[in-house]
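> Sequence and computational prediction follow.
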Amino acid sequence: MVIEQAPLEDELGDVLEKALGHAGLSPEALGIRAGVPAEKIRDAIDYRYDFAPAEIDRLAAVLDLNSVGLRELADGRYPLPPIHGLPFCLHALRSPHGLGTANAYLVSDCRGGPGVLFDTGPDPARLRRMWPAGVPGAAAVFLTHDETEHTGGLAEVRRFSGPTPVFAPVGAQVAGATGIGDGARMESAGYHIETLATPGHAEAHNAYLVRAPGAAQAAPLLIGGDLLFAGSIGGAYFCGRRLREQVARIWRDLPPDTVVAPGHGPLTTLGHERGHNPFARLAEPA
């Protein structure tokens, strides 16, 4: 069950800017290698697009990007997959953030009862307004990383849910949270939750793989934080190499039907992003 859709987190300009950083290139150097005027590249980073399809393909080749997804972003028609197969209700609690959204997610039994909350969004009042009436509170809170747009509602959750256990990446500076690292496996509200340490966007960053017992054939859910977005990847504010390694890891190790619930933007699946995401070549063997 998915409550609403959201705009993409990144446009073509954002993807080009991130790819330039990963490649260690300036717009001028990229322009020379791709045969595209540097002014066009700078304009694209400022969200003014004027590329011919052949220019998009040359930029993709130099930046080692998937040209299919880059063209789709340039045309404003990046596709999104249908989301189905989850054996529980997934409530997307979205708050405005910049031109897009910051997402918290509540996993619960569709018949009612407490859920498990992943991130809290930036706005306590908005989180409380969006909280579904059939879910009395959070049995636990799992945080992907310590940024205000992902943790700002935590005090409100503690207020209406009582002494709720809070888990965060090892090294995250979240008062009262228990640090959990790669490979940790827990149960909460009847769900299996596996921790994947995914540093790159931040040094202390986790993703969480959620499964329901007794539903072995159902699609797993990946709460990805700022690791992988529909049409892009997270910003490499800590380490670009490690971010790329972790994006490649989830494409390599998780099944294609895995539903990705990112920290920003709409839901997607790993298989869909493998075919469309501009950064999909990270999934290819080195």
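That came through, no problem.

> From here on, just use CA atoms for contacts and neighbour counts.
Noted.

> And stretch 44-58, end to end?
With C-alpha to C-alpha, to the nearest Å as the measure, stretch 44-58 spans 15 Å from end to end.

> which residues sit against it?
Here stretch 44-58 makes contact (C-alpha atoms under 8 Å, 6 or more residues apart in numbering) with 11-14, 16-17, 34-36, 40, 43, 67, 70-71, 74.

> Try it again at 7 Å.
13-14, 16-17, 34, 36, 40, 43, 67, 70-71 (C-alpha atoms under 7 Å, 6 or more residues apart in numbering).

> Report the buried residues of it.
44-45, 49, 51, 55-58 (16 or more other C-alpha atoms under 10 Å).

> same question, stretch 16-31
For stretch 16-31, burial by neighbour count (16+ other C-alpha under 10 Å) applies to 16-20, 22, 27, 30-31.

> Which parts of the stretch 1-150 of the chain are helices?
Along the stretch 1-150 of the chain, counting by DSSP state H, counting those that start in this stretch, helices occupy 12-23, 27-34, 38-45, 53-63, 67-74, 124-130, 148-151.

> cool, the stretch 151-286 of the chain as well?
With DSSP H, counting those that start in this stretch, the ranges of helices along the stretch 151-286 of the chain come out as 154-161, 240-253, 270-276.

> Work out the gap between the first one and the centre of the chain.
Meaning helix 154-161. Here the centre of helix 154-161 is set off from its chain's centre by 24 Å, with C-alpha atoms, centre = their mean, to the nearest Å.

> May I have it exported as PDB, CA atoms only?
Provided in PDB are the C-alpha atoms of helix 154-161 (Å, rounded to 0.1, in the frame of the first residue of the first chain):
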ATOM      1  CA  LEU A 154      12.000  12.500  16.600                       C
ATOM      2  CA  ALA A 155      11.000  14.300  19.800                       C
ATOM      3  CA  GLU A 156       7.400  14.300  18.600                       C
ATOM      4  CA  VAL A 157       7.500  10.600  18.000                       C
ATOM      5  CA  ARG A 158       8.800  10.000  21.500                       C
ATOM      6  CA  ARG A 159       6.100  12.200  22.900                       C
ATOM      7  CA  PHE A 160       3.100  10.400  21.400                       C
ATOM      8  CA  SER A 161       4.700   6.900  21.300                       C
END
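
> what about residue 121, how many neighbours?
27 (other C-alpha atoms under 10 Å).

> contacting residues around it?
Applying C-alpha under 7 Å, 6+ apart to residue 121 gives the contacts 95, 102-104, 127, 149-153.

> circling back to that earlier point, may I ask which of the buried residues of stretch 44-58 comes out lowest in pLDDT?
Among these, residue 49 carries the lowest pLDDT, at 92.

> Make JSON lines from the helices of the stretch 151-286 of the chain and add distance to residue 181 and mean pLDDT to it.
Formatted as JSON lines, the helices of the stretch 151-286 of the chain follow (distance: least, C-alpha to C-alpha, whole Å; pLDDT from 0 to 100):
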{"stretch": "helix 154-161", "distance to residue 181": "20", "mean pLDDT": "91"}
{"stretch": "helix 240-253", "distance to residue 181": "14", "mean pLDDT": "97"}
{"stretch": "helix 270-276", "distance to residue 181": "22", "mean pLDDT": "97"}
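
> Just say which of these is most tucked in.
Sort these by mean neighbour count, taking mean count of other C-alpha atoms under 10 Å, and helix 270-276 sits at the top with a mean of 20.

> Report the distance from that one to the chain centre.
Using C-alpha atoms, centre = their mean, the offset of helix 270-276 from its chain centre is 14 Å.

> ok, and what's touching that helix?
68-69, 81, 230-231, 251, 256-260, 280.

> Which of the contacts of residue 121 has the largest number of neighbours?
Neighbour-wise, these (other C-alpha under 10 Å) top out at residue 104, 28 neighbours.

> State the number of residues packed around residue 213.
As a burial measure, residue 213 scores 12 neighbours (other C-alpha under 10 Å).

> typed the wrong thing, it's residue 110
Using other C-alpha under 10 Å, residue 110 is surrounded by 14 other residues.

> tell me the contacts of residue 64?
With contacts defined as C-alpha under 7 Å, 6+ apart, the neighbours of residue 64 are residue 281.

> how much space between it and residue 107?
Going from residue 64 to residue 107 by C-alpha to C-alpha gives 36 Å.

> again, but for residue 43
Taking C-alpha to C-alpha as the measure, residue 43 falls 41 Å from residue 107.

> okay, how far is it across stretch 112-122, tip to tip?
One end of stretch 112-122 to the other measures 25 Å (C-alpha to C-alpha).
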